[in-house]
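> Sharing a model that was predicted from the sequence below.
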Protein chains: 2
Amino acid sequence: MLAADIGGTNIRLAQIRDGLIVNEVRHQASFNQLGHFNSKQAELHILHVLQEAAETLLTEDTQGLGIGFPGFFIGNSGVLAASPNIPQLKNFALSKALSERLNIPVAAQNDALCAAVGEHSFGVGKGCTNLLHITLGTGIGGGLILNHQPYTGESGMAMEFGHLRVNSANDARLCGCGNHGCVEAYASAHAISTQYFEATGRQTSARHIYQAALNGDENAQTIFNHAGTYLGKAIAEAVKLLDIRHVSISGGLLGAWDILHPPMLQALNQHLIPPLQGKIIILPSTLDDNTGLLGAAKLLV
Amino acid sequence: MLAADIGGTNIRLAQIRDGLIVNEVRHQASFNQLGHFNSKQAELHILHVLQEAAETLLTEDTQGLGIGFPGFFIGNSGVLAASPNIPQLKNFALSKALSERLNIPVAAQNDALCAAVGEHSFGVGKGCTNLLHITLGTGIGGGLILNHQPYTGESGMAMEFGHLRVNSANDARLCGCGNHGCVEAYASAHAISTQYFEATGRQTSARHIYQAALNGDENAQTIFNHAGTYLGKAIAEAVKLLDIRHVSISGGLLGAWDILHPPMLQALNQHLIPPLQGKIIILPSTLDDNTGLLGAAKLLV
C-alpha cells in the first residue's frame, strides 16, 4: 500500500507494509502558495504533483494509495469539500480523479483524522474503543475514533480541536481562524514561537525555546506551562462532551512532552466533572512523525 | 408502552402509544433526600416506589417500561453506574431488578439522553442524522444522537453540556459541579434566579424574571441576554468538536425563547470556525415538557 502525507511545503510518500514504512520519498510541493491559480488550475496542479510523486514508488503490486490531506472531506467519499489553505478548492473529487490517473484505488481523508487512524491502528491508541487524537505541530488538529471507526462529522469538520476556546478574557490571543482565545493560539509550535518573541524580542523555534526552558529561561518555562495548561483545559471540554478515556498526541511538540504533560494533566483533572477526574489517560504517540502516514495507509484496508 | 420520567421530587408515569401520551399519572418521590439510606436501602426504596407507580398503569397488554433517570448508565445495559443526587448508588442494575418485580421488559437511560431520543423520534429533531439536544431547566443537560443512535460515551457521562466552560475569568461563577464558569452557572433557571437575586435582592422564579425582562427590567434583560450568549458559546464548542448541524432545546426555560434565541445564535456564529458559520440550526422543542417521557418510551422499541 502507498501512503501520502500532504503538507503545505512538502509531500511524504511511502510504501507501507504491515504498519511499517518500507520505502519513503519526499517531494517538494507548494500547495500553500496556489493563490494565483483558479479552481480548475489548482485541482490540475495538485493532481499533477501527486501523480508524479506517486509514480516514483508505484509498482505492479501496488494495491492502492491513501492520502492524508489538510482539508475537510465529505464522509469517506474522498471528495474534498474545502481546504483552509487552498480556498479556491470546492468539492474537489480528489480520490476519484487521482485514481483515474494512477489506475489504482485512491482514498483521501483529513490529515489529522489519518493521524487518529494511525495511532488507533498501530500506536498507543491500539485497541481503544474510542480515541481522541491531537496533532500538536505548527498548528493543532484533532481526530476522533468512535467505536473503532473514524468520525468525520456531517461535513468533515469534526474535531476542530485547535479552535476550542480556552480563554474568554478580553485580551485573549487572536487565532488564525479569526476568533480569540483558541487553544491553537497558545499551544501550537507557531504560537509558542510568537509568544516567546513577544516576551523577549528573540525569534526562534519551539525546539530552541524548549531547550531554553530546560536551561532555566523563565519566559520559556511560563509559555510551555501555559501551553500545557490550555491543552489540558481543551481536552477537558472534549471529554465532558464525549466521555472518552484515551487521548493520544502526536506532532513536533512531543519533544517537549516532559514539560507539557504535567500542567496538561493537572488542568484536565481540575476542569472535569468529579466522576471523570483521574480517569483520563493522555499518551504521547509512539510512531514518531509517521502517525498520519501510517493512518493514510489504512484508509483502503 | 409505559414510560417514566424521574425527577428529584416527583415521578411522571404515562402510557404512550405512537408517540402520544394516552394516560398519565404523577407520583410523589423524594429521590433527592435519601441521604439517610445506605446503598442497599436506597436501591430497595427506589425499586419499591417505581414498582408501585408502574403498577397504577400496568395492564395485561403492557409491553414494557422505559425510564429516564438522572444518572449515568453503562451503555444500554440499564445499569446505573452513578447518580449525582444519590451518591450511595453504584452499579445499580435498575432495569433488571425492576423487570423482575414487574414481569415486563424494563429499560433505563439518562434523562437528558431520553429527551434527545424523544426529540429525535417525535419532535423537531425528527429525521436528523445527528442531533445535539439540550435540556434547559433547573439545571442544564445534554444528549447526543449520532447516526440516528443515542450516544452514551464510555461510562454514560457523554454530553455533560451544562458543564462546558464558557467563562475563564477569575471571577467566573461557581457551578454545582465544583468548577467555575460552566454554562449551567449562567443559563439554567436556577442560575437566572440566583443572578437576579444578587442584582436586585428579590428572590423569584425564572418565569417571573422573564416577565420582568419583557416589562423593561434591565437587570432581568441583562441576565437573559448573558444566558443566551453563554448558551451560544457552549453550543459553538460542541459544534467545533462534533460538526453537527441540528441543535434542539427543551425544558422550562423555553418560555423565554424569544429573548434567549437571538443572543444565542449571534454568539454561536461568532465563535464557530468560518466554514460552519450560519450553518447551524437551533430549534425549540415542539413536545412541551414531554420530550424525556416520549424518549423513554422509545428505549425498548
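It's in.

> Look up phi and psi at the residue of chain A most remote from its centre.
Each residue of chain A has a distance to the centre, and by Cα atoms, centre = their mean the biggest one is for A:E60: 31.4 Å. According to degrees, to the nearest 10, the main-chain angles of A:E60 amount to phi -70, psi -20.

> Report pLDDT for it.
You'll see A:E60 listed with a pLDDT of 93.

> buried set for stretch A:50-69?
Within stretch A:50-69, the residues that count as buried by 16 or more other Cβ atoms under 10 Å in any protein chain shown are A:50, A:53-54, A:57-58, A:62, A:64-69. Yep, even glycine has a C-beta here, placed from its N, CA and C like the rest.

> ditto for stretch A:12-26
By neighbour count with 16+ other Cβ under 10 Å, stretch A:12-26 contains the buried residues A:12-16, A:21.

> Out of the residues you listed, which comes closest to chain B?
Ranked by distance to chain B (Cβ to the nearest Cβ), those are led by A:R12 at 26.3 Å.

> and the host helix or strand of that closest one, what other elements does it pack with?
Here A:R12 sits within strand A:10-17, counting by DSSP states H and E. Contacts defined by 3 or more Cβ pairs under 8 Å, 6 or more residues apart in numbering or on different chains; DSSP states H and E place strand A:10-17 against strand A:2-6, strand A:20-28, helix A:39-55, helix A:291-298.

> Nearest to A:L113, out of these?
Nearest to A:L113 among the helices and strands packed on strand A:10-17 is helix A:291-298; the distance by Cβ to Cβ comes to 7.6 Å.

> Distance from the chain centre to stretch A:266-281, please.
24 Å (Cα atoms, centre = their mean, to the nearest Å).

> Tell me if it is near chain B.
Yes - against chain B, stretch A:266-281 shows contacts by Cβ under 8 Å from any Cβ of the partner chain at A:270-271, A:273-276, A:279.

> which one of the residues you listed has the most neighbours?
A:H271 (27 neighbours; other Cβ atoms under 10 Å in any protein chain shown).

> Can you verify my assumption that that residue contacts A:A234?
No - when contacts are counted by Cβ atoms under 8 Å, A:H271 is not listed as touching A:A234 (9.3 Å).

> which outside residues touch the strand holding A:R12?
A:1-5, A:21-29, A:49-50, A:53-54, A:56-57, A:62, A:293-294, A:297 (Cβ atoms under 8 Å, 6 or more residues apart in numbering or on different chains).

> quick one, it and helix A:39-55 angle?
40 degrees (axes from the mean of the first three to the mean of the last three Cα atoms, to 10 degrees).

> what about strand A:10-17, distance to the chain center?
So, by Cα atoms, centre = their mean, the centroid of strand A:10-17 is 16 Å from its chain's centroid.

> Over to stretch A:74-86?
The answer for stretch A:74-86 is 15 Å, by Cα atoms, centre = their mean.

> Kindly export it (C-alpha atoms) in PDB.
The C-alpha coordinates for stretch A:74-86 follow below in PDB (Å, rounded to 0.1, in the frame of the first residue of the first chain):
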ATOM      1  CA  ILE A  74     -17.200  14.600   2.900                       C
ATOM      2  CA  GLY A  75     -17.600  11.400   4.800                       C
ATOM      3  CA  ASN A  76     -15.400   8.700   3.300                       C
ATOM      4  CA  SER A  77     -16.200   9.900  -0.300                       C
ATOM      5  CA  GLY A  78     -12.700  11.200  -0.900                       C
ATOM      6  CA  VAL A  79     -14.300  14.500  -2.000                       C
ATOM      7  CA  LEU A  80     -12.500  17.500  -0.600                       C
ATOM      8  CA  ALA A  81     -15.300  19.900   0.400                       C
ATOM      9  CA  ALA A  82     -12.800  22.700   1.300                       C
ATOM     10  CA  SER A  83      -9.200  23.300   2.400                       C
ATOM     11  CA  PRO A  84      -8.400  26.400   4.500                       C
ATOM     12  CA  ASN A  85      -5.000  26.900   2.800                       C
ATOM     13  CA  ILE A  86      -6.300  26.500  -0.700                       C
END
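
> Break chain A into its domains for me.
In the assignment given by automatic domain parsing, the structural domains of chain A cover A:2-114+A:291-298, A:127-284.

> Would you mind measuring the gap between the ends of the longest one?
The one in question is domain A:127-284. 16 Å (Cα to Cα, to the nearest Å).

> just the helices in the stretch 101-250 of chain A please.
Counting by DSSP state H, counting those that start in this stretch, the stretch 101-250 of chain A has helices at residues A:111-122, A:184-187, A:189-200, A:206-214, A:218-242.

> Select, out of those, the one closest to A:V301.
Per Cβ to Cβ, nearest to A:V301 of those: helix A:111-122, 8.5 Å.

> Contacts for the closest one next, please.
Here helix A:111-122 has contacts from A:5-6, A:19, A:66, A:68-70, A:109, A:125-126, A:128, A:131-133, A:135, A:141-145, A:148, A:150, A:152, A:159, A:161, A:248, A:250, A:285, A:287, A:290-296, A:298-299, using Cβ under 8 Å, 6+ apart.

> Brilliant, that's me finished.
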